[in-house]
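J.: sequence first, predicted model second:
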Amino acid sequence: MFPSEVVLERRVRTDADEDLAATNLPLFILKCKDRKAEGYAAAKLEIYNQRLEDMVIGVRLADEPPAVSYLAIRGSASFADIVAVDKTVIVIRLDIPGETGLSYLIYDAVALSLRMIPAPEDHSWAYVLSSRVSVARPCSGTDYALVHTGRVVDGGEDSLFLWRPSSSSPPWSKKRKCSFPGLIDWSVNQSNMEFSFNGHTYWADLLCGVFYCSCNTLFDDNSSVVKFGGFIRLPVKPVRHNRRTARLASYRTMGVVRDSIRFVSIDGFQDYVELKDRTVTVWKLLGHDQHWEEEHKLSLETLWGFEGFGDLPKDLTPMYPLLSMEDTDIVYLVLGECGGNPLKRRFFPSTPRFLLAVDMTNKIVRSSVPLEDEDHWFSSLVSCGFSLHLQKALDGPCDDEGIPTKKKHPIPLKKPRMKKLVRGGRNVAESPIPMKKRGKCHGGNVAESPIPMKKRGKCHGGNVAEASIHMKKRKCHGGNVAEATIHMKNKRMCC
């Protein structure tokens, strides 16, 4: 029923978004059997628990990548974005209207739980080294922890701050001092990506290299120190962070693809390269000796000749690479416009145009989707297998206003087309939504919607049922009856 992989937009739609319902994708709501807010001041805890109770979380799923899916939250949030996805768990950072500080919303599709905790605001931290959290998992079991990287003011120690849903300790109260091998530490690196794999958690600086540690040390309550296993250098020349160049996400990425870690880099963003010669390179990390092996190398000129590229423009540059988590052959690429000044070595992506699923092994473009000019979210996409765990997490679909329905299938946000059946000489509008009951008015059948009626009236002078389905026309004695669109606006009098 659901795709094995989705490309999710990190931006989460909220009540503040006018385009929440401006899509043809159905909105499925997710079960939340266990809701709990924790870590807030006692005076605010009840408020946050009530906010949590008011929330409805939904997901709009595209048929398959590279078409983009996204999450939506109705109630109690003005801003939200995805900061981490790991198997069954998705972590959302959100802003609660009227409250200070940010919060994290943690949804577990297997436990069907929804937790809300405050984002770290400990003044003893000098700074946080990553704006995102990572989800750490031990080699076995279902336990997990959210991990924040930071530095403590007193002593200037690099540290990890943890929250475990299975623990009774307050969020971020568990601290682990970092012990790095040799002279390497976080002081000269910035964590751009975080992920867990085979019982280890990785923090990647996409210009320099990757730190990693065993997740078992994070879950060891008897130890206050986390010993890092080492530092994996990248297969490209390391350079310093430079704010004058494009964001790293526009030309590099790293992640887990099935049974290995892969790294992707696109040239032409640090130094000028002719358009046709701009190259996408994929490396695979060989676990036994921490060595990178080049797996794919593709120039833009070669991509133009791939089956499936078709009539796509040839004046656009590849950018914003994204790895498939399920298919080792697939790399998702954006084709878009790029500006800059070669003399000053400044190169910036400007306008995204298309999102492609490129099969690097079989040399084809499997599919592509156009992007609108205003779709600047393309810089914040994440591929994940979260959709695989949604079968048991569905509470049902929502209607246009985010109100849960009891239908087995989602209601598309399109204006439904009506079929007209002729019964006894009278035209009766039949909604595509199944009718539970049908009444009679002078021998003619009148459709009654399964969505609860606000008012029920009588014929010949009484008010006629004002439902959540709006009647365009209503005439008695053989006239047209109930052409349904969405939402009823007017009351009609029969006869």
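T.: The structure has been received and is ready for your questions.

J.: now do the contacts for Leu8.
T.: For Leu8, the contact set (C-beta atoms under 8 Å, 6 or more residues apart in numbering) comprises Val68, Ser69, Tyr70, Leu71, Ile82, Val85, Leu381, Val382, Ser383, Cys384, Phe386. No exception for glycine: its C-beta is placed from N, CA and C like everyone else's.

J.: show me the shaky parts of the chain.
T.: For the chain, the stretches flagged by pLDDT under 70 are 1, 18-24, 122-131, 154-155, 181-189, 241-244, 288-289, 342-346, 373-379, 395-495.

J.: how about the top helix by length along the chain: buried residues?
T.: When the chain is parsed with DSSP state H, its longest helix is helix 42-54. Judged by neighbour count (16 or more other C-beta atoms under 10 Å), helix 42-54 contains these buried residues: Tyr48, Asn49, Arg51, Leu52.

J.: quick one: which two of those residues are the most distant?
T.: Maximum pairwise distance among the buried residues of helix 42-54 (C-beta to C-beta): 7.2 Å, between Asn49 and Arg51.

J.: Ser113 contacts Pro165, correct?
T.: Yes - when contacts are counted by C-beta atoms under 8 Å, Ser113 is listed as touching Pro165 (7.4 Å).

J.: any shared contact partners between the two?
T.: Counting by C-beta under 8 Å, 6+ apart, the common neighbours of Ser113 and Pro165 are Ile106.

J.: gap between the two ends of stretch 76-94?
T.: 9 Å (C-alpha to C-alpha, to the nearest Å).

J.: buried set for that stretch?
T.: Neighbour counts over stretch 76-94 (16+ other C-beta under 10 Å) mark 76-77, 80-94 as buried.

J.: Val152 is in contact with Arg176, isn't it?
T.: No - in this structure, Val152 is not within contact of Arg176 by C-beta under 8 Å, at 11.1 Å.

J.: which one of those two has more residues nearby?
T.: Set side by side, Val152 and Arg176 show more neighbours around Arg176, with 20 against 16, by other C-beta atoms under 10 Å.

J.: tell me what the host helix or strand of the more buried one is packed against?
T.: Element membership for Arg176 (DSSP states H and E) is strand 174-179. Strand 174-179 sits against strand 158-163, strand 225-233, with contacts defined as 3 or more C-beta pairs under 8 Å, 6 or more residues apart in numbering; DSSP states H and E.

J.: any idea which of the ones you listed is most buried?
T.: Scoring the helices and strands packed on strand 174-179 by mean neighbour count under mean count of other C-beta atoms under 10 Å gives strand 158-163 as the most buried, with a mean of 22.

J.: how much does that strand deviate in direction from strand 225-233?
T.: Per axes from the mean of the first three to the mean of the last three C-alpha atoms, to 10 degrees, the angle that strand 158-163 makes with strand 225-233 is 110 degrees.

J.: which elements pack onto strand 158-163?
T.: Against strand 158-163 (3+ C-beta pairs under 8 Å, 6+ apart) you get strand 145-152, strand 174-179.

J.: now the longest one, how far from the centre of its chain.
T.: Its chain's average C-alpha position is 22 Å from that of strand 145-152, according to C-alpha atoms, centre = their mean, to the nearest Å.

J.: could you give the angle of that strand to strand 225-233?
T.: Going by the same axes, to 10 degrees, strand 145-152 makes 90 degrees with strand 225-233.

J.: strand 145-152 pairs with which strands, and in what direction?
T.: Strand 145-152 has the following strand partners under DSSP bridges: strand 125-128 (antiparallel), strand 134-136 (antiparallel), strand 158-163 (antiparallel).

J.: quick one, strands of the stretch 1-150 of the chain?
T.: Assigned by DSSP state E, counting those that start in this stretch, the strands in the stretch 1-150 of the chain fall at 6-9, 27-30, 34-37, 56-60, 68-74, 79-86, 89-95, 102-108, 113-118, 125-128, 134-136, 145-152.

J.: what comes into contact with the third one?
T.: With contacts defined as C-beta under 8 Å, 6+ apart, strand 34-37 is touched by 45, 48-49, 51-53, 111-117.

J.: just the fourth one next, same as before
T.: By C-beta under 8 Å, 6+ apart, the surrounding residues in contact with strand 56-60 are 23, 25-30, 32, 69-75, 107, 114, 387, 390, 398, 402, 404.

J.: show me which of those are buried.
T.: Those of the contacts of strand 56-60 that meet the buried threshold are 23, 25-30, 32, 69-74, 107, 114, 387, 390, 398, 402, by 16+ other C-beta under 10 Å.

J.: could you give the bridge partners of Val6?
T.: Cys384.

J.: how close does it sit to Val282?
T.: Between Val6 and Val282 the distance is 21 Å, computed by C-beta to C-beta, to the nearest Å.

J.: circling back: the longest helix of the chain versus strand 68-74: what angle between them?
T.: 120 degrees.

J.: can you give the distance of helix 42-54 from its chain's centre?
T.: Taking mean C-alpha positions (C-alpha atoms, centre = their mean), helix 42-54 and its chain are 25 Å apart.

J.: what comes into contact with it?
T.: Looking at what lies outside helix 42-54 - C-beta under 8 Å, 6+ apart - the contacts are Arg35, Lys36, Ala37, Glu38, Tyr40, Gly75, Ser76, Ile96, Glu99, Ser103, Leu114, Met116.
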